[in-house]
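Participant: could you look at this predicted model? Sequence included:
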Amino acid sequence: MGATTFGASAAAQPPLANGTDSGRTTFIDGASIEPERLAEWERRRADSAAARLSAHYLDLAGDELSAPISPAALAADDIDSARTALAQARASIGADGLRRMLAAEVATSDAVTRAALAASGNRWAVSAAEIVSGRGSSEGFADWFTREREADDRPVWTGACPDHYLIETGADGRQEVYEVTGGAVLVSRFFVDYTDRDRVPVPADPDYPLAIAGTAWLAGGELIGGVRHQLRAEPGGGFRAKLGVAFPAAVPARNISEHQWHLAVEFGNWITVYLNSLG
């Protein structure tokens, strides 16, 4: 569909994190968030991702000189170059390499998630953020999101946030996701089923007629939460996105609040790619 991606080929026109230049405003807990703060969060997470990829690569290959990325290679004030460097590193390692690289970490994360699920007693905590765009439409963004998911446009999915390591749409239509959620210290692996909307533990808001929703599962079949990203038209034009992700209630509150920033950054970048596709 010709959408701008986040890889090296898109370095000349990187996505914006937020701000008036794109006619977009981001809210966390009702407060407007300055673009600089979102960029600072993304830049900090890029350092963490570079360190993880470098360390895991060294463990796997034993060759520090051939590691595809290092935190030292990322300029502190250059988020665009950081995005490109991470995209190149992920492409260099490849999907299968990333799975092998992160397998041990994911096994530990699965155990932690199961413990949190057991302690939660079927209760959920929702991490939320809102984005208002002065351009585009709720229908247009929902359609774009679905097309990109069905097309398995991996650079768009992984490039939207440094905490994304691999996002892949399988033959069954589910998205396989390797990411660091919120304030977690480990990469988790889960599957999002967008055909299963009835069991999503994020409340539906009747003021939002459109939603991108699905349940989240561990590979072992445990329901661990879900997403409900709700959309509506704004009276003056454009649209509002009310973003929500449900976690087991026993997940620490810091993780829930930190994931608000994850949501704000990834959806801010996805909305930018959608708007760029409009011309």
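Facilitator: Arrived safely, thanks for sending. Numbers count the residues shown, from 1 in each chain.
Participant: please count neighbours and contacts with C-alpha atoms only from this point.
Facilitator: Fine.
Participant: list the buried residues for the helix or strand of the chain with the lowest mean pLDDT?
Facilitator: Of all helical and strand segments in the chain, the minimum by mean pLDDT, DSSP states H and E falls on helix 35-61, at a mean of 85. The neighbour-count check on helix 35-61 (16 or more other C-alpha atoms under 10 Å) flags 35, 38-39, 42-43, 45-58 as buried.
Participant: wait, R228 touches G244, no?
Facilitator: Yes: counting by C-alpha atoms under 8 Å, R228 touches G244, with 5.3 Å between them.
Participant: packing partners for the next helix or strand after the least confident helix or strand of the chain?
Facilitator: Per DSSP states H and E, the first helix or strand lying C-terminal to helix 35-61 is helix 79-93. Helices and strands touching helix 79-93, by 3 or more C-alpha pairs under 8 Å, 6 or more residues apart in numbering; DSSP states H and E, are helix 35-61, helix 154-159.
Participant: so what does the shortest one touch, helix or strand wise?
Facilitator: So the one you mean is helix 154-159. In terms of contacts (3+ C-alpha pairs under 8 Å, 6+ apart), helix 154-159 is packed against helix 79-93, strand 164-169.
Participant: 7 Å instead?
Facilitator: When contacts are defined as 3 or more C-alpha pairs under 7 Å, 6 or more residues apart in numbering; DSSP states H and E, helix 154-159 sits against strand 164-169.
Participant: name the residues that touch the next helix or strand along the chain from the strand it packs on?
Facilitator: Per DSSP H and E, the first helix or strand lying C-terminal to strand 164-169 is strand 175-179. Strand 175-179 has contacts (C-alpha atoms under 7 Å, 6 or more residues apart in numbering) with 163-169, 187-193.
Participant: go with 8 Å
Facilitator: Outside of strand 175-179, the residues within contact range by C-alpha atoms under 8 Å, 6 or more residues apart in numbering are 149, 163-170, 187-193.
Participant: could I have the buried ones of these as PyMOL selection syntax?
Facilitator: Of those, the buried ones go into a single PyMOL selection, burial set by 16+ other C-alpha under 10 Å:
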select buried, resi 149+163+164+165+166+167+168+169+187+188+189+190+191+192+193
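Participant: remind me which residues of the stretch 1-150 of the chain are low pLDDT?
Facilitator: Applying pLDDT under 70 to the stretch 1-150 of the chain picks out residues 1-22, 58-77.
Participant: one more pass at 80, please.
Facilitator: Residue ranges of the stretch 1-150 of the chain with pLDDT under 80: 1-22, 56-78.
Participant: re earlier: which residues do R228 and G244 both contact?
Facilitator: With C-alpha under 8 Å, 6+ apart as the test, R228 and G244 both reach V202.
Participant: does F190 have beta-bridge partners, and which?
Facilitator: The partner list for F190 in beta bridges (DSSP bridges) reads V177.
Participant: and it, how far is that from A219?
Facilitator: Computed with C-alpha to C-alpha, to the nearest Å, the distance linking F190 and A219 is 6 Å.
Participant: my guess is P162 contacts A49. True?
Facilitator: Yes: with contact defined as C-alpha under 8 Å, P162 reaches A49; the gap is 6.1 Å.
Participant: can you list residues touching both of those two?
Facilitator: Common neighbours of P162 and A49 (C-alpha under 8 Å, 6+ apart) are L86.
Participant: tell me which of the contacts of strand 175-179 is nearest to G134?
Facilitator: Nearest to G134 among the contacts of strand 175-179, counting by C-alpha to C-alpha, is R149 at 23.9 Å.
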